[in-house]
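Student: My questions are about this predicted structure, shown below with the sequence.
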Amino acid sequence: MIFGFAVAVAGCALLVALWSFVQSVRNRLPDTPLLVALAVVELLLVAQLVVGVVLLAGGERPGSIATYLAYLIGCLVVLPVGAAWALAERSRSSTVVLGIACLAIPVMVLRLNEVWSGASA
Amino acid sequence: MEQARRTATGPGRVLVAVYAIFALAATSRAGVQIGTKFHEAPLAYLLSAFAAVVYILATVALARGGVKWWRIAFASCTVELLGVLTVGTLSIFDRQAFPDATVWSVYGQGYVFIPLVLPVIGLYWLRRTAPERVSS
């Protein structure tokens, strides 16, 4: 994987997570700017999938292809499902839910890169 | 008559979200382990799959309302706590049996010990939302 890109994705997700937690402390419901920020992170994850597949097609191989694909695709599910769950009952807790969903992203991106550079599980 | 307070409201929604992430993590991990190298450590990978089922069940049960789902959630969280304690202890004493981490290995060390804390919070939340006996 391209390390700089991974750091950028993880960094953005962390920032949005932080923003969510600050908003929830301020007793705010999820608002449009926060949802737009979430969508930007999701777009970066889609770009990550494209880059990942292109690298695979180019003949490069991660430590475990199954694990690699699981992380690459699994990443994409978290934010939409998290947002749907958050918006189903709009309260201060739903802002926290968005933050938790965003926190999962850097962890998955980090693992993705470990798998890319040779880890097998 | 028994009435359940909602488990999936307020802070409960955050709990469901965390459970859902662990359900996803445990299911993918078990799926990859069983799909690609089951013969290497069948016991550990079956435990991985079992953990995944427990997380899925807990997520669904907490997200739903009603007395029946409250009971299923309570059972799942209890099994989860026993599971993380048992597998955690076994994985420390018998590393050979667990060559590849499960969610519960070394008390969930690979997941910053969240698997150990989560069932405790889950059980606490279930106590708070325990079904009330309502005389009618």
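Tutor: Received the coordinates, thanks.
Student: The closest residue to B:Ser76 other than its chain neighbours is in what secondary structure piece?
Tutor: Using CB to CB, 6 or more residues apart in numbering or on different chains and skipping the chain neighbours, the partner closest in space to B:Ser76 is B:Ala58 (3.8 Å). To be clear about C-beta, it is placed using only N, CA and C from the backbone, and glycine gets the same treatment. B:Ala58 is part of helix B:42-63, with elements assigned from DSSP states H and E.
Student: which residues of chain A fall in helices?
Tutor: Along chain A, counting by DSSP state H, helices occupy A:3-25, A:32-57, A:65-88, A:92-116.
Student: now the shortest one and helix A:32-57, what's the angle there?
Tutor: Translated: helix A:3-25. Put simply, helix A:3-25 runs at 160 degrees to helix A:32-57, going by axes from the mean of the first three to the mean of the last three CA atoms, to 10 degrees.
Student: burial of residue 49, as a residue count?
Tutor: Let's take chain A. A:Leu49 has 15 neighbouring residues, counting by other CB atoms under 10 Å in any protein chain shown.
Student: my bad, chain B
Tutor: B:Ala49 is surrounded by 18 other residues when neighbours are defined as other CB under 10 Å.
Student: Show the pLDDT at the residue nearest to B:Ser76.
Tutor: For B:Ala58, the model assigns a pLDDT of 97.
Student: Ok, the one 5 residues further on next?
Tutor: pLDDT recorded at B:Ala63 is 95.
Student: for the one 3 residues further on, same thing?
Tutor: Per-residue confidence for B:Gly66 comes out at a pLDDT of 88.
Student: Over to the residue at the greatest distance from the centre of chain A: give its phi and psi.
Tutor: The outermost residue of chain A, judged against the average C-alpha position, is A:Gly59 (25.4 Å), by CA atoms, centre = their mean. The main-chain torsion angles of A:Gly59 are listed as degrees, to the nearest 10 and equal phi 100, psi 0.
Student: any idea how far A:Leu98 is from it?
Tutor: Using CB to CB, to the nearest Å, we find A:Gly59 at a distance of 38 Å from A:Leu98.
Student: ok so, going back, would you check that my belief about the residue nearest to B:Ser76 contacting B:Gly122 is correct?
Tutor: Yes. Between B:Ala58 and B:Gly122 there is a contact at 6.6 Å, judged by CB atoms under 8 Å.
Student: overlap in contacts of these two?
Tutor: Shared between the contact lists of B:Ala58 and B:Gly122 (criterion: CB atoms under 8 Å, 6 or more residues apart in numbering or on different chains) are residues B:Tyr19, B:Ala73, B:Cys77, B:Glu80.
Student: tell me which residues in the helix or strand hosting the third one are buried?
Tutor: This means B:Cys77. Using DSSP H and E, B:Cys77 sits within helix B:66-93. Neighbour counts over helix B:66-93 (16 or more other CB atoms under 10 Å in any protein chain shown) mark B:69-70, B:72-74, B:76-81, B:83-84, B:87-88, B:90-91 as buried.
Student: Can you give me the neighbour number for the residue nearest to B:Ser76?
Tutor: Neighbour tally, B:Ala58, other CB under 10 Å: 29.
Student: Next up, the contacts around it.
Tutor: So, once contact is read as CB under 8 Å, 6+ apart, B:Ala58 ends up touching B:Tyr19, B:Ala23, B:Ala73, B:Ser76, B:Cys77, B:Glu80, B:Gly122.
Student: Quick one: the residues you listed as JSON lines, columns for pLDDT and distance to B:Arg64 too.
Tutor: Converted to JSON lines, those look like this (pLDDT from 0 to 100; distance: CB to CB, whole Å):
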{"residue": "B:Tyr19", "pLDDT": "97", "distance to B:Arg64": "12"}
{"residue": "B:Ala23", "pLDDT": "96", "distance to B:Arg64": "14"}
{"residue": "B:Ala73", "pLDDT": "97", "distance to B:Arg64": "8"}
{"residue": "B:Ser76", "pLDDT": "97", "distance to B:Arg64": "12"}
{"residue": "B:Cys77", "pLDDT": "97", "distance to B:Arg64": "14"}
{"residue": "B:Glu80", "pLDDT": "97", "distance to B:Arg64": "17"}
{"residue": "B:Gly122", "pLDDT": "97", "distance to B:Arg64": "14"}
